[in-house]
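Asks: pasted the sequence and its predicted model underneath.
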Amino acid sequence: MKILITGGAGMVGSHAAEYYAEKKDEVIVFDNLMRSRLFGYDKKSVEYNWNYLAKYENITRVLGDIRNSDDLKAVMDRGLDAVIHTAGQPGVGYSIEEPREDYSINAFGTFNVLENMRGLCPKAAFIYCSTNKVYGEHVSGIPLEEEEKRYSFSGRQGIEETFKIDLAPHTPYGVSKYVGDIYAQEYAESFGIRAGIFRMSCIYGTRQFGFEDQGWLAHFIISNIMDRKITIFGDGKQVRDVLYVEDLVKAFDAFIQKKTGSNVFNIGGGPDNTLSLLEFVEIIESKTGNKMTMGFDKWRPSDQKVYISDISKVKGVLGWSPTVTREKGIEKLIEWVGQNRSCF
């Protein structure tokens with residue numbers, strides 16, 4: 001197969017590129033390497049992944065921006081079998097500070113990829129990395145139970161794809177990602193693009209450069225190993241389901257290979273792979289032997305106290321399930337960070 005991966009130097013994109021490269025497919029990695037600038041980071045982040053992928057002879061790396069049609073036309077052709085669209089602005093805080101650029105990257109950028117696909121490679125499968133933030137603050141209306149170290153949903157296990165979306169605040173990030181989500185669905189309906197929309201919960205893994213605003217699992221681990229203080233916004237009992245990145249890529253591939261019709265999937269670790277922030281801190285400390293230095297601050301806007309994906313649909317349609325346990329995935333990330341201290 002021939003695969004184009006936008007945002008291919010990011011954590012998800014680079015793992016997707018490696019997955020297909022090791023299957024001996026032809027891979028084009030397309031990225032503008034702007035992640036460090038987005039988060040004000042003075043060291044290389046995605047550049048690490050960009051250089052890491054150079055070892056694969058069947059990966060072609062192309063510098064380009066999804067907002068530039070000429071850049072896209074240089075890498076799109078009718079020979080493409082799939083476009084995995086991981087490029088995006090992933091920070092909620094950044095979207096509030098810079099809503100115009102957030103819209104430009106997430107909403108217009110996704111539209112531009114789809115529109116160029118329509119003209120250049122309409123038969124290619126399209127994978128869209130959406131987010132649980134499309135459900136907005138409706139999730140916060142679900143009754144909760146409070147335990148010693150976590151909150152939990154009362155009367156339900158997770159959020160299904162039919163959960164209500166409209167008439168609630170989302171943050172600019174949630175809105176811009178939802179625009180891309182709806183455009184992917186509409187291009188499937190109106191123009192026949194075979195689209196798999198994956199509304200992701202917390203994805204983590206090696207080669208993840210986590211910051212306070214995005215990639216919290218990696219951010220916590222990096223901070224612990226580098227002896228830096230973290231800030232927990234809220235009381236630390238908030239819960240997410242977590243999914244190791246290699247399992248996410250396998251779900252993408254299952255959609256591409258099965259050639260099923262377009263669909264929307266909630267995807268994460270599901271009810272069996274959940275963590276509160278407080279629980280995660282304890283796990284890190286037990287595995288590294290380092291005490292976490294941390295403080296607390298007020299809740300951030302639209303920070304759901306609990307989000308857990310109902311993954312029954314993606315399991316049933318694609319025959320997929322998570323295979324990397326929460327404990328094993330965390331150990332892999334801790335080991336990688338420890339081996340790459342110079343990056344942090």
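Replies: It's in.
Asks: if I look at the residue nearest to the spatial centre of the chain, how far off is Ala16?
Replies: Nearest to the centroid of the C-alpha atoms of the chain, with distances taken as CA atoms, centre = their mean, sits Ile203, at 5.4 Å. Ile203 sits 11 Å away from Ala16, going by CB to CB, to the nearest Å. In this view, the C-beta of every residue, glycine as well, is placed from N, C-alpha and C.
Asks: one step back: the residue nearest to the centre of the chain - that's part of a strand, no?
Replies: Yes - Ile203: assigned to a strand according to DSSP: H, G, I helix; E, B strand; the rest coil.
Asks: is it bridged to anything, and to what?
Replies: Taking DSSP bridges as the rule, Ile203 bridges to Leu243.
Asks: neighbours of the closest residue to Val245 other than its chain neighbours, how many?
Replies: In this structure, Val245 finds its nearest non-sequential neighbour in Gly205, 3.2 Å apart by CB to CB, 6 or more residues apart in numbering. Using other CB atoms under 10 Å, Gly205 has 24 neighbouring residues.
Asks: rewinding a little: contacting residues around the residue nearest to the centre of the chain?
Replies: 11-12, 242-245, 248, 268 (CB atoms under 8 Å, 6 or more residues apart in numbering).
Asks: list the helices and strands the helix or strand of the chain with the lowest mean pLDDT packs on?
Replies: Least confident helix or strand, the chain: helix 35-38 with a mean of 72, by mean pLDDT, DSSP states H and E. Helices and strands touching helix 35-38, as assessed by 3 or more CB pairs under 8 Å, 6 or more residues apart in numbering; DSSP states H and E, comprise helix 46-52.
Asks: any idea of the mean pLDDT in the helix it packs on?
Replies: Across helix 46-52, the average pLDDT comes to 92.
Asks: run the chain-centre distance for the helix or strand immediately after it in the chain.
Replies: On the C-terminal side of helix 46-52, the nearest following helix or strand under DSSP states H and E is strand 59-63. In terms of CA atoms, centre = their mean, to the nearest Å, the gap separating the centre of strand 59-63 from the centre of its chain is 21 Å.
Asks: can you count the residues close to Pro90?
Replies: For Pro90, using other CB under 10 Å, the count is 26.
Asks: relative to Thr171, how far out is it?
Replies: 12 Å.
Asks: helices along the stretch 1-150 of the chain, start to end?
Replies: 11-22, 35-38, 46-52, 69-73, 92-97, 99-102, 109-120 (DSSP state H, counting those that start in this stretch).
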